[in-house]
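Trainee: this one's structure only:
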């Protein structure tokens, strides 16, 4: 008898989200309406910043964060060499240069001491990634760079995570969130910028709406259409209301994995005093490719962790990054959702033990 497939991720949506969608459809205002403001207000409550700007994707958030700071041609932005490519792409598409810095292959996070070495007179910002939901050591990073260099968060997978009590998304000058279906809160596709700086928030709002602003309406700086419609904001609002319970459920699943795997493979965790966001449960093992193929053959969705950016053609001449290479070759994302059962975890572990 064939076992049911185990999904890599499953959005936690149900009756509340359906009711919210129906309400927006009935209103006839599918975009640029009250649900956008309601979603942004819920985000500021969740993250603890003064402002949140809803956007069409996490990539849009990264792009507008760079543009809002006036970063462009001739400037440099430091990014981790191991991250989803959108982090580097957003910098390059703004006209600046993405300067890759190596990561710790065990934590997957950028190494602050290498960030310090990479700073040049052209460095305008550091875009630090709380990868898979694990918070970056923010104090070390602050110490590593001059005060005039802006510290930005790629917190795409870290909504709900905390660094020493402070929510990820409230640490940097600007932070970028994603609401892709693999994230803890989803709008299908979507993203946001969070910040305490009113002028930066206003700039991001103008840029997401073609640059239009003022009375009479004018365009001082050309913008883009990066709006997130009411229909999608409505999906996210009920989930933000239960963010704590969603994170608690993922913590429970992560605990089951760690209990069974911590003596067999490298298992993820947060530093003492921090809270992991558990966007993904990513282990480290030598026979990663064999394990990935074997799990998929058994009907278990698994995936590589993410990319060594330096191995992609667009960035191949940026240097050698052994930490990113090691992370790329060893990292394996296991199924993780609020609805993942203990029996499913046991099945994943049984299949995995053939490769450790």
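Mentor: Here it is on my side, so go on. Computed from a predicted structure; not experimentally measured.

Trainee: List the buried residues for the helix or strand hosting residue 52?
Mentor: Residue 52 belongs to strand 51-55 when assigned by DSSP states H and E. Residues 51, 52, 53, 54, 55 are the ones in strand 51-55 that count as buried (16 or more other C-beta atoms under 10 Å). For glycine as for every other residue, the C-beta is placed from the backbone atoms N, C-alpha and C.

Trainee: Would you enumerate the residues in contact with the fourth one?
Mentor: So that's residue 54. Residues near residue 54 by C-beta atoms under 8 Å, 6 or more residues apart in numbering: 36, 39, 40, 43, 190, 191, 192, 227, 228, 233.

Trainee: ok so, going back, quick one: contacts of the helix or strand following the strand holding residue 52?
Mentor: Per DSSP H and E, the first helix or strand lying C-terminal to strand 51-55 is helix 58-68. Outside of helix 58-68, the residues within contact range by C-beta under 8 Å, 6+ apart are 53, 55, 77, 86-87, 89-91, 93-94, 96, 125, 127, 152, 154, 156, 174, 176-180, 190-193, 200, 203-204, 207-208, 224, 226.

Trainee: which of those are buried?
Mentor: For the contacts of helix 58-68, buried by 16+ other C-beta under 10 Å: 53, 55, 77, 86-87, 89-91, 94, 96, 125, 127, 152, 154, 156, 174, 176-180, 190-193, 200, 203-204, 207-208, 224, 226.

Trainee: tell me, how many neighbours does residue 158 end up with?
Mentor: Under the neighbour criterion other C-beta atoms under 10 Å, residue 158 is assigned a count of 32.

Trainee: so it makes contact with residue 169?
Mentor: Yes - distance between residue 158 and residue 169: 7.0 Å, which falls inside the contact criterion (C-beta atoms under 8 Å).

Trainee: quick one on the thing from earlier: and the buried residues of strand 51-55, which is closest to residue 245?
Mentor: residue 52 (20.9 Å; C-beta to C-beta).

Trainee: Ramachandran angles for the nearest residue to the closest one once chain neighbours are set aside?
Mentor: Distances taken as C-beta to C-beta, 6 or more residues apart in numbering place residue 43 nearest to residue 52, at 3.8 Å, with adjacent residues excluded. Backbone torsions for residue 43, taken as degrees, to the nearest 10, come to phi -70, psi -40.

Trainee: give me the number of residues near residue 43?
Mentor: The number of residues packed near residue 43 is 28, by other C-beta under 10 Å.

Trainee: Spatially, what comes nearest to the residue nearest to the spatial centre of the chain if we skip its sequence neighbours?
Mentor: The chain has residue 156 as the residue nearest its centroid, 1.7 Å off, counting by C-alpha atoms, centre = their mean. Sequence neighbours aside, residue 178 is the residue nearest to residue 156 in space, at 3.7 Å (criterion: C-beta to C-beta, 6+ apart).

Trainee: Surely the residue nearest to residue 52 is in contact with residue 241?
Mentor: No - the pair residue 43 / residue 241 is not scored as a contact, 11.6 Å apart, by C-beta under 8 Å.

Trainee: Please enumerate the strands of this structure.
Mentor: Taking DSSP state E as the criterion, the chain carries its strands at 51-55, 76-80, 97-101, 123-129, 150-154, 162-163, 166-167, 174-178, 191-195, 212-213, 218-219, 281-284, 303-304, 331-334.
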